[in-house]
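Visitor: Fold the following, please.
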Amino acid sequence: MPTEQLHSARVTVERAVEREEREDHARTEGAAKRIAVQRTAALQRRTGVRRFLFENGLGLVAFALFVLSFAGQIATGQAQYNEERADHGEPPVSVGAYLQSGNFVEATAENWESEFLQMGLFVVLTIFLYQRGSSESKKIEEPEAVDQPPSEAKDEPDAPWPVRRGGLPLALYKHSLSITLFILFAISFAIHALGGAAEYNDDQAQHGGQPVTALGYLATSRFWFESLQNWQSEFLSVAVLVLLSIWLREQGSPQSKPVSAGAHETGE
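Guide: Numbering: from 1, shown residues only. Predicted coordinates for the structure are as follows:
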């Protein structure tokens, strides 16, 4: 890159950093600081279980919503499954038997599969793709802490062990989020194929068709219809969030830009 372009880019970044510092200071000096003080005081008043709940409320509520929704899926899914069996003159099944059925396994895994794929791809794509004005994108002109090479922090005492150790542990750790999400996707994908094949073979048996293996089920249009109808909805939701966060706000949410931020400002 020509020296003039590098100099121009450096000047642009330095000005962007100065502007961001001024804006952050202005946005956190007034009510935002008072709210932080109140939040910290509320934390300090809590001990034991109450402190644990306060510090982990987001994860606990999200997990509780999952458990409640999952229980609802099981209950309603079993009811629907037994209705279908009754239509074919077959006896109803217990909850335990339903949980082992291809109907339940396929329906559950195909949804998990799409979620992990969406999250894994989003994590990876946001490394090198940008969306001007979106809170879901890295800033373009300003430096980002996530771009810091781990080697620059290897001597920091609070750095995670892989960062201080280097080598293979660091190579795995610095990509551990995307690796884990794609592993979970692959597991869900395989379970979807197994559960879907079992459900498909039940349908085949009722209509005098030939059974298929899990690999054979992967070659059916039914498998890909089940997958792609979920994938497209996940990708649509990501695109909508990325674009709507350019112009729309949610006061107090870290997933939104500050309400006072302009549409052109990128990042949270």
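Visitor: Quick check: closest non-adjacent residue to the residue at minimal distance from the centre of the chain.
Guide: Central residue of the chain (Cα atoms, centre = their mean): residue 119, 3.8 Å from the mean position. Sequence neighbours aside, residue 181 is the residue nearest to residue 119 in space, at 5.2 Å (criterion: Cβ to Cβ, 6 or more residues apart in numbering). Every C-beta, even on glycine, is put in place using the N, C-alpha and C of the backbone.
Visitor: count of neighbours near the one you found?
Guide: 20 (other Cβ atoms under 10 Å).
Visitor: which residues touch it?
Guide: Taking Cβ atoms under 8 Å, 6 or more residues apart in numbering, we find residue 181 in contact with 116, 119, 120, 123.
Visitor: check which helix or strand covers the residue nearest to the centre of the chain.
Guide: helix 102-128 (DSSP states H and E).
Visitor: Repeat that for residue 241.
Guide: Using DSSP H and E, residue 241 maps to helix 221-247.
Visitor: Is residue 83 part of a helix or strand, or is it coil?
Guide: Reduced to three states with DSSP: H, G, I helix; E, B strand; the rest coil, the structure at residue 83 is helix.
Visitor: now the contacts of residue 181: which count as buried?
Guide: 116, 119, 120 (16 or more other Cβ atoms under 10 Å).
Visitor: want to throw those residues into a markdown table with distance to residue 158 and pLDDT?
Guide: Shown next, in a markdown table, are those (distance: Cβ to Cβ, whole Å; pLDDT from 0 to 100):
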| residue | distance to residue 158 | pLDDT |
| --- | --- | --- |
| 116 | 30 | 97 |
| 119 | 27 | 96 |
| 120 | 28 | 96 |
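Visitor: and which of those is nearest to residue 47?
Guide: Closest approach between those and residue 47, by Cβ to Cβ: residue 119, at 34.5 Å.
Visitor: mean confidence for the helix or strand that the helix holding residue 119 is followed by?
Guide: Going down the chain from helix 102-128, the next helix or strand is helix 161-165, by DSSP H and E. Average pLDDT, helix 161-165: 91.
Visitor: just to revisit the earlier point, tell me how far the residue nearest to the centre of the chain lies from residue 177.
Guide: 9 Å (Cβ to Cβ, to the nearest Å).
Visitor: cool, residue 76 as well?
Guide: 33 Å.
Visitor: More neighbours: these two, which one.
Guide: More crowded of residue 76 and residue 177, by other Cβ under 10 Å: residue 177, with 13 against 10.
Visitor: Please point out which parts of the strand or helix carrying that one sit buried.
Guide: Using DSSP H and E, residue 177 sits in helix 176-206. Buried residues in helix 176-206, defined by neighbour count with 16+ other Cβ under 10 Å: 178, 181-182, 184-185, 188-189, 191-202.
Visitor: so how far is residue 173 from residue 180?
Guide: Residue 180 sits at a distance of 11 Å from residue 173 (criterion: Cβ to Cβ).
Visitor: so residue 220 sits right up against residue 212, yeah?
Guide: Yes. At 7.1 Å, residue 220 and residue 212 qualify as touching, with contact defined as Cβ atoms under 8 Å.
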